[in-house]
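# Quick one: sequence and predicted model below, then my questions.
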Amino acid sequence: MKRLSQRTLQSITIGLIILGVLALSLSGLLNQIVGTVIDPMVAVQGWFASRTQAIVEFFTMPRDVATLRQENLLLQDQVSQLQSELLAARQQLTETDILYALLDYARAKPENKYIAASVIGRDPSPFMKYIIINHGSDDGIVKGMPVVTQQGLVGKVVAVTATAARVQLITDPGSVINVRLEQASTDGQVLGSVTGDISLDMINPGVSLIQGDLILTSGLGGAYPADILIGQVLALESPDNALFQKASVQPVVDFVNLRAVLIITNFRPVDYSPLVP
Amino acid sequence: MGTLLAIPIIFILLMLQTTLLSQVTLLHGSVDLILLWIAAWSLQKQVPSVWFWTILAAVAVAYVSAIPWYVPIVCYPLATIIAKWVNKRVWQSPLLMMFLVTMITSIVSNGLSYVALALNGISIPLKTGLVQVMIPSVLINLLVALPVFAIARDTAQWVYPLEVVE
């Protein structure tokens, strides 16, 4: 009886303690008490964990640095590769833009047949203004074919191999092109020079030249088709008592940055040399 | 081996000349890399096959360029002759020799180009040709002569190593 009453008393005590703890917990007072006890323990735990982590890092860091360096190298390689791919893509985009412009030009003049070619070199001599293109007789290119861009006249093919051709630019000192002026309605000649500038010559002194007048091929002589744009009259040079008027010309084609051209393949130049006495 | 090396080297030089160096200009003059190489190569005493290099370079340039064919055919062997002649007289002053040969051959090459074009009916005003093309070309050739000579000398020592006299 005595043992039973003691057990009962213990159970009641435990039950009361549990109820008390529950009551404290429900009332929120337990958090304060627990916090007072737990916080120092957490602080100690944190201090211990940080020291433990430091010790672990001390032993494992060299391996991590090596791994990181390796990853860094891989990433640098990837960045370099992506940068080179980006450059290539930009290059292709530029080339595509040029080709689209050439295509637009070709579509605008469907009476002609064209072959697009890339400029792969320039003449080694500083006296000569020639370019080398990457299409030749295998592609149906023959000597004398006119070469243009979407902007205007570039020159003509003067030498051909199986896979390449040499093009004389209109800026070459040996280049002479028969032209007509759109507004002035007169004929003349455009001459190249060793400096790469082009000039208008053989203009009748009675004609009034207009600055900005468009210069187009006249088709006379049979070397070029008619009505291909060459440039604009830039500045007039008409010395007194001169037989003909002259003018400097602003070409429409940028010959310095020439990268792709169109060859007009259905035009055959007229060889009138047998008619020359 | 050294003789056969002429083919790739002249080919590479010609590619460099037509793609890159023809666009690097001083006024309207440009460097003649192949002429400089032939001059520098001819100044290397240990090189036995200079004439093969010279003829190959002359034929290659005559084929690629629109300049009358006889200009490189005359100028390049002339550069070799002048280099060999100078080599015998200017003892142990290789840089001086290179500059001398470069200047003489550049003047001759540009002068001959001018005359050849005039003979072909392409008249270039003398003052324009001189100021815009010839003098700048000679100057730019002189500028590039030194690195070309250094590369040619190293190449010659690699291909034809000099025997050490004990």
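Received it, and whenever you're ready, just let me know what you need.
# and chain B, which of its residues are near chain A?
Residues of chain B lying close to chain A (Cβ under 8 Å from any Cβ of the partner chain) are B:14-15, B:17-19, B:22-23, B:25, B:28-30, B:32, B:34, B:61, B:64-67, B:71, B:110, B:113-114, B:117, B:120-122, B:124, B:128-129, B:132-133, B:137. Bear in mind the C-beta positions are built from the backbone N, C-alpha and C, glycine included.
# Need the nearest residue in space to residue A:252, chain neighbours excluded.
Using Cβ to Cβ, 6 or more residues apart in numbering or on different chains and skipping residues adjacent in sequence, the residue nearest residue A:252 is residue A:152, 4.1 Å away.
# any idea how far that neighbour lies from residue A:192?
Note on residue A:152: its distance to residue A:192, by Cβ to Cβ, to the nearest Å, is 14 Å.
# Mind checking which of the two has more residues around it?
Neighbour count, other Cβ atoms under 10 Å in any protein chain shown: between residue A:152 and residue A:192, residue A:192 has more, with 23 against 19.
# Surely the residue nearest to residue A:252 is in contact with residue A:251?
Yes. Residue A:152 lies in contact with residue A:251 (Cβ atoms under 8 Å); the separation is 7.3 Å.
# between those two, what contacts are shared?
A:230, A:231 (Cβ atoms under 8 Å, 6 or more residues apart in numbering or on different chains).
# returning to what we had before: in helices, which of the residues of chain B next to chain A appear?
B:14-15, B:17-19, B:34, B:61, B:64, B:71, B:110, B:113-114, B:117, B:128, B:137 (DSSP state H).
# Quick check: the two most widely separated of the residues you listed?
Using Cβ to Cβ, those span at most 29.7 Å, a distance reached by B:15 and B:128.
# which one of the ones in helices among the residues of chain B next to chain A is nearest residue A:233?
Nearest to residue A:233, judged by Cβ to Cβ, of these is residue B:128 at 21.4 Å.
# ok, for that closest one, nearest residue in space, not its chain neighbours?
In this structure, residue B:128 finds its nearest non-sequential neighbour in residue A:194, 6.1 Å apart by Cβ to Cβ, 6+ apart.
# who are the neighbours in contact with that neighbour?
Residue A:194 makes contacts with A:127, A:173, B:28, B:124, B:128, B:129, B:132, B:133, as judged by Cβ under 8 Å, 6+ apart.
# what helix or strand is it on?
Under the criterion DSSP states H and E, no helix or strand holds residue A:194.
# what do you get for the one 5 residues further on?
Element membership of residue A:199, judged by DSSP H and E, is strand A:198-203.
# in chain B, what spans have low per-residue confidence?
Applying pLDDT under 70 to chain B flags the ranges B:91, B:164-166.
# May I have the phi/psi pair for whichever residue of the stretch 1-150 of chain A sits closest to chain B?
Per Cβ to the nearest Cβ, residue A:121 is where the stretch 1-150 of chain A lies closest to chain B, at 3.5 Å. Dihedral pair for residue A:121: phi -180, psi 170, per degrees, to the nearest 10.
# returning to that earlier point: just the buried ones among the ones in helices among the residues of chain B next to chain A, please.
B:14, B:17, B:18, B:34, B:61, B:64, B:71, B:110, B:113, B:114, B:117, B:137 (16 or more other Cβ atoms under 10 Å in any protein chain shown).
# Give me the nearest residue to the fifth one, chain neighbours excluded.
To tie it back to what came earlier, the one meant is residue B:61. Counting by Cβ to Cβ, 6+ apart, residue B:61 lies nearest to residue B:72, which is 4.1 Å off, once chain neighbours are set aside.
# Residues of the stretch 51-200 of chain A that sit close to chain B?
Residues of the stretch 51-200 of chain A lying near chain B by Cβ under 8 Å from any Cβ: A:120-128, A:130, A:132, A:158-159, A:166, A:168, A:172-174, A:193-196.
# Go again with 7 Å.
By Cβ under 7 Å from any Cβ of the partner chain, the residues of the stretch 51-200 of chain A that approach chain B are A:121-128, A:130, A:132, A:166, A:173-174, A:194-196.
# So which elements touch the helix or strand containing residue B:96?
Using DSSP H and E, residue B:96 maps to helix B:94-119. Judged by 3 or more Cβ pairs under 7 Å, 6 or more residues apart in numbering or on different chains; DSSP states H and E, the packing partners of helix B:94-119 are helix B:33-42, helix B:70-89, helix B:135-159.
# Quick one: closest of the ones you listed to residue A:182.
Closest among these, once you apply Cβ to Cβ, is helix B:135-159, at 36.8 Å.
# and the angle from that closest one to helix B:33-42?
Counting by axes from the mean of the first three to the mean of the last three Cα atoms, to 10 degrees, helix B:135-159 lies at 50 degrees to helix B:33-42.
# Could you check how many residues crowd around the closest residue in space to residue A:222 that isn't next to it in sequence?
Spatial nearest neighbour of residue A:222, excluding adjacent residues (Cβ to Cβ, 6+ apart): residue A:270 at 2.7 Å. Residues contacting residue A:270 under the criterion other Cβ under 10 Å number 11.
# Residue A:270 in helix, strand or coil?
Assigned by DSSP: H, G, I helix; E, B strand; the rest coil, the conformation of residue A:270 is coil.
# Could I get the phi/psi values of it?
Backbone torsions of residue A:270, given as degrees, to the nearest 10, read phi -90, psi 120.
# surely it meets residue A:219?
No. Judged on Cβ atoms under 7 Å, residue A:270 makes no contact with residue A:219 at a distance of 9.8 Å.
# where do the helices sit along chain A?
A:2-27, A:29-108.
# distance between the last one and the chain's centre?
Taking Cα atoms, centre = their mean, to the nearest Å, one finds the center of helix A:29-108 at 30 Å from the center of the full chain.
# any weak-confidence spans in chain A?
By pLDDT under 70, the low-scoring segments of chain A are A:1-4, A:61-63.
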